[in-house]
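In: give me a model of this one.
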Amino acid sequence: MRLLLMALACAQVGAVCKPVPTLDVAAYIGRWYQVYYNPLMLLFSSPGCSTALYGVDRAAPVPTITVNNSGLDHSGKSIAYIGTAAENNASTPGDLTLLLHGVPGKASYRICQVGPKS
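Out: Next up is the predicted model:
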């Protein structure tokens with residue numbers, strides 16, 4: 001099982017973790033199980049049963065990951081957020097910009113650590 005440690009951006013994200021210095025996007029794709037929640041994330045979902053399915057957007061002009069985050073809301077109803085996370089700067093490949101369909105605005109998406117390749 002692959003584990004993902006990630007923090008969605010908030011004012012303190014830099015204090016939480018440093019972004020990975022290199023990112024093998026092909027190795028990042030697949031199903032991930034979330035093991036860390038920051039308080040902001042609890043506004044949108046329950047800590048139980050949260051997964052992410054990542055793919056590669058090969059048509060994008062910069063390295064871009066397709067995102068399908070799913071889980072349960074506070075009432076137990078299944079929810080999903082779908083969108084993309086795109087590289088901002090080649091010198092910091094672990095800092096991405098997240099766009100989710102139906103959610104206004106952009107968010108920072110930081111990859112702090114990934115497990116071993118499987």
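In: which stretches of the chain aren't confidently modelled?
Out: Flagging of the chain using pLDDT under 70 yields the residue ranges 1-15, 37-38, 40-49, 118.
In: could I get the full set of helices for it?
Out: 13-16, 25-28 (DSSP state H).
In: just checking, what packs against the last one?
Out: Packing contacts for helix 25-28, counted by 3 or more Cβ pairs under 8 Å, 6 or more residues apart in numbering; DSSP states H and E, involve strand 51-56, strand 107-114. Every residue, glycine included, has its C-beta placed from N, CA and C.
In: go through it and flag the buried ones.
Out: Of all the residues in helix 25-28, those buried under the rule 16 or more other Cβ atoms under 10 Å are Tyr28.
In: just the residues contacting stretch 78-97, thanks.
Out: Identification of contacts with stretch 78-97 by Cβ atoms under 8 Å, 6 or more residues apart in numbering yields 19-23, 44-45, 57, 60, 62-73, 98-103, 106-112.
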